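Colleague: Quick one, fold the following:
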Amino acid sequence: MERLANLLFNKSKIIIGFVAILNIIAVISFVRFKLDTEFMSFFSGGNPKAVAFDQLNEKYLTGETISVLIEHTDSLLAKDSLIKAFKLLKEFGSIDDVALVQGFVPSELPSIGGMTPVNETFIENNYQTLLEFIEKKSVFTDQFLAPDKRTGIFVVALNLDAPVRDVIKAMKEIARNHETFSLSLAGNEIIQDTLWNYLIRIILIFPPTAIILVLLVFYTIIRNRKLTLLAIVPAGLAALWTFGTIFWSGQGLNMVTIISPIFIIVIGSAYGLHYVSHLQQNQKNYSDRLELTVATMRMVGVPIFLATITTMAGFMSLTWAKVIPMREMGIFVTLGVGFAGFNALFFLPAVLTRVKLGPPPDNADEHRLVKLVLAASQKRLIVGLAFLTIIILAVWFIPKLEVESNQLLFFKKGTEIRQTFSKIEKSFGGAMPLIGEIVNDKGLDILTDFQFAERALGVERELEKVPGIKSVFSIFDLAAGVNKMMTGQQGYPRNPMIGQLLSTQLGEEGLKSWVSVDGLRIMIRTQDITSSQIAGIEEFVAKHQDIIRVISGMPVLFDEMNNLVVSSQTRSLGLALVLIFVMLLITLRKFSAGLIGLVPIIITITAVLGMLALTKFNLNLLTANLSAMTVGIGVDYSIHLISGIYFFRKLGQGKKQSVDSALSSVSRPILANAFGLAIGLSVFFFSPLRIHLQVASVMWVAMIISSMAALLLIPLLYSLTRAD
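Modeller: Numbers count the residues shown, from 1 in each chain. As a prediction, the model looks like this:
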């Protein structure tokens, strides 16, 4: 470390200039800034369920669907309301790249001569006829109109490659300006559009706020404005360089990777804090700037390096995840932590060789803090019982931990988007329907095979009895509805003329959306569907493979993603623990030290999982990552304490004295970092996304447990073992 300190002292200008160039390159990268809210991009290529979903959409030329919730104080079937609803339907249909709009207002009415188009004049002159048709004959009424007649929906189908954000913007404009009805939008694309708006707010507000909070915490420890600011500079620059890496690589920020810079700021700030804190301690003993740099690097150089590589290992374990955002977060945070460690070991010491430091700090507060930690570490029985209680409670609750399979739970209760989705699901079924395919080997001729049609309709009705399913609809249901409208008879028509009439009514493009060479598309609306119910649907498909080939859709894909997250978490945790143990073993060259260093981390992981179950946060895309994050972050505290113990032993101190000296030296920066990180991440309590609130809650638990376990358990373990 002496050679490194001399290099930093003598080449400080070159190091500062090199960092300045990297900063400029990173700033320029913001011209490539973009956000990625596309859910399908979460899956790696070749995922069978994602592939099945894409194939169904491409086969039937179906794009996304957006549900428009229509609410009115009076009946939507009153003449004036019906005319306005018809105009609204046409207005949505006139938007570019809208393929079809369906609702409780029919576009045509069956008559003796065929089909009569419905328009404003027809409604005005034939209101009673139309009203009777909607209430008694239309096959679509139950799907698009609630029993109270004051709530309805339009389903807007987009073209396969539609510019979705432009379409949503036009639909929102219509909804905002409508004077009679209260209009709200729902659907997968609405979730993505809402996320896009939320992410913009997060990226503009949260990183600066996190920096301010961390600075306030650090200042209470350092008590020097200049040094407080310099302590966080390595992490701030690392976050900037991480943005540069993301944007220059052509990637966009999603709801997972967008918090990566914030993690880098609050994690990486620990390295600067440890260096500045120990520099202040050494100021009283070294007036020469070079000697001060050498002494500080000897004390914290190796711990900072070891903390950097072990934290990188914790996050690096996520790079083997099967879910792309997890993998990307693993890559970007690993790089960012590496950047922060580099800046703390090279840039920060180089800067501090050239700036005025000011007088050494008053250590009165430090002595009180150190005495408190030392006193607590002596209460071995109480410390042991306290952590044993935490483990027992966590192990009790962990089996109750569930996987979350609902995108809406990303959002807080009471938000407009959750209220809209809830209203639609209550009256009409989920706003993100499932899609499936009926086996068909006859093409359009299948419409005349009434025996197969009746079998398929029977299976559809059975499927509606499966928990989580509200309704199932196919072209066979449409034909049966036309038969009822034309003849008043129930069931599938045996008269082939009905099938021909249906083909004429749908047109060539309409038929392509329902019928392919080897299949028939079915639409399935869900009701409060859960992960276990999705498994029940898959079992149903397996039992009826002769009729139903596949069922897919966003609820199925989201459940698949959560399953991948859980399996990835197990693999990542195991890999992270192994990597960290190996690094501790190589660096400290002591087997017992490596094992002792893992104990606080294992306890913290157990506590985090127990807390998730206790609070019913469940496992999702972000909370499943937090355990691996905890490994990478929390191990730093063990490293600094263990390294301190062996540092003082090399100075000739005994077993107990070296532990007490290490506690005196590192307890202040460890606690400052733990609470600084937790407070810095508290910005997520104000995030519009519920999953970010969960991140803040979990990290508070993780930081408190990991720091206390390091400061109190490691001394206990060293007293009970022969670790040397």
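
Colleague: Three-state assignment for Val550, please.
Modeller: Assigned with DSSP: H, G, I helix; E, B strand; the rest coil, Val550 falls in the strand class.

Colleague: no wait, Ser287
Modeller: Criterion first, three-state DSSP; result for Ser287: coil.

Colleague: go on, Ser184?
Modeller: strand.

Colleague: Look up phi and psi at Val472.
Modeller: With angles defined as degrees, to the nearest 10, Val472 sits at phi -130, psi 140.

Colleague: can you count the residues close to it?
Modeller: Using other C-beta atoms under 10 Å, Val472 has 23 other residues around it. For the C-beta atoms, the positions are set from N, CA and C on the backbone; glycine is no exception.

Colleague: do the same with Ser572
Modeller: 27.

Colleague: and it, what helix or strand is that in?
Modeller: Assigned by DSSP states H and E, Ser572 falls within helix 554-588.

Colleague: relative to strand 548-552, how tilted is that helix?
Modeller: 60 degrees (axes from the mean of the first three to the mean of the last three C-alpha atoms, to 10 degrees).

Colleague: What residues sit buried inside helix 554-588?
Modeller: Residues of helix 554-588 classed as buried: 554-565, 568-569, 571-573, 575-577, 579-581, 583-585, 587-588 (neighbour count, 16 or more other C-beta atoms under 10 Å).

Colleague: Show the contacting residues for Asp477.
Modeller: 139, 457, 460 (C-beta atoms under 8 Å, 6 or more residues apart in numbering).

Colleague: which one among those residues gets closest to Leu409?
Modeller: Of all those, Glu460 has the smallest distance to Leu409: 29.2 Å, by C-beta to C-beta.

Colleague: Could you tell me how far the nearest residue to that closest one once chain neighbours are set aside is located from Gly458?
Modeller: In space, and not counting its chain neighbours, Glu460 is closest to Val472: 4.3 Å by C-beta to C-beta, 6 or more residues apart in numbering. Using C-beta to C-beta, to the nearest Å, one gets 11 Å for the distance from Val472 to Gly458.

Colleague: And the host helix or strand of Ile70, what's buried?
Modeller: Taking DSSP H and E as the definition, Ile70 sits inside strand 65-71. For strand 65-71, the neighbour count (16+ other C-beta under 10 Å) marks 65-70 as buried.

Colleague: Closest to Asp148 out of the contacts of Asp477?
Modeller: Val139 (20.1 Å).

Colleague: how about that closest one, phi and psi?
Modeller: phi -70, psi -20.

Colleague: What is the neighbour count of the closest residue to it other than its chain neighbours?
Modeller: Distance criterion C-beta to C-beta, 6+ apart; nearest residue to Val139, sequence neighbours excluded, is Gly481 at 2.6 Å. Neighbour count for Gly481, taken as other C-beta under 10 Å: 17.

Colleague: now the one 10 residues further on
Modeller: Around Gly491 there are 12 other residues, counting by other C-beta under 10 Å.

Colleague: Just give the closest residue to it, not the sequence neighbours.
Modeller: In space, Gly491 is closest to Ala480, 6.2 Å off (C-beta to C-beta, 6+ apart).

Colleague: For the one you found, give me its contacts.
Modeller: Going by C-beta under 8 Å, 6+ apart, the list of residues near Ala480 reads 139, 457, 490-493.

Colleague: and which of those is nearest to Ala710?
Modeller: Nearest member of the contacts of Ala480 to Ala710, counting by C-beta to C-beta, is Leu457, at 64.7 Å.

Colleague: List the buried residues of the helix or strand where the closest one lies.
Modeller: Taking DSSP H and E as the definition, Leu457 sits inside helix 450-463. For helix 450-463, burial by neighbour count (16+ other C-beta under 10 Å) applies to 450, 452-453, 455-457, 459-460, 463.

Colleague: repeat for stretch 68-84
Modeller: 68-70, 72, 76-77, 81-84.

Colleague: what's the spacing between the closest residue in space to Pro493 that isn't next to it in sequence and Tyr60?
Modeller: Leaving aside its chain neighbours, Pro493 sits nearest to Asn483 (3.8 Å; criterion: C-beta to C-beta, 6+ apart). As judged by C-beta to C-beta, Asn483 and Tyr60 stand 23 Å apart.

Colleague: Which residues are in contact with the residue nearest to Pro493?
Modeller: Asn483 neighbours (C-beta under 8 Å, 6+ apart): 489, 491-493, 495, 498.

Colleague: Next SSE downstream of the helix or strand where Arg668 lies?
Modeller: Element membership of Arg668, judged by DSSP H and E, is helix 655-680. Downstream of helix 655-680, the first helix or strand assigned by DSSP H and E is helix 690-708.
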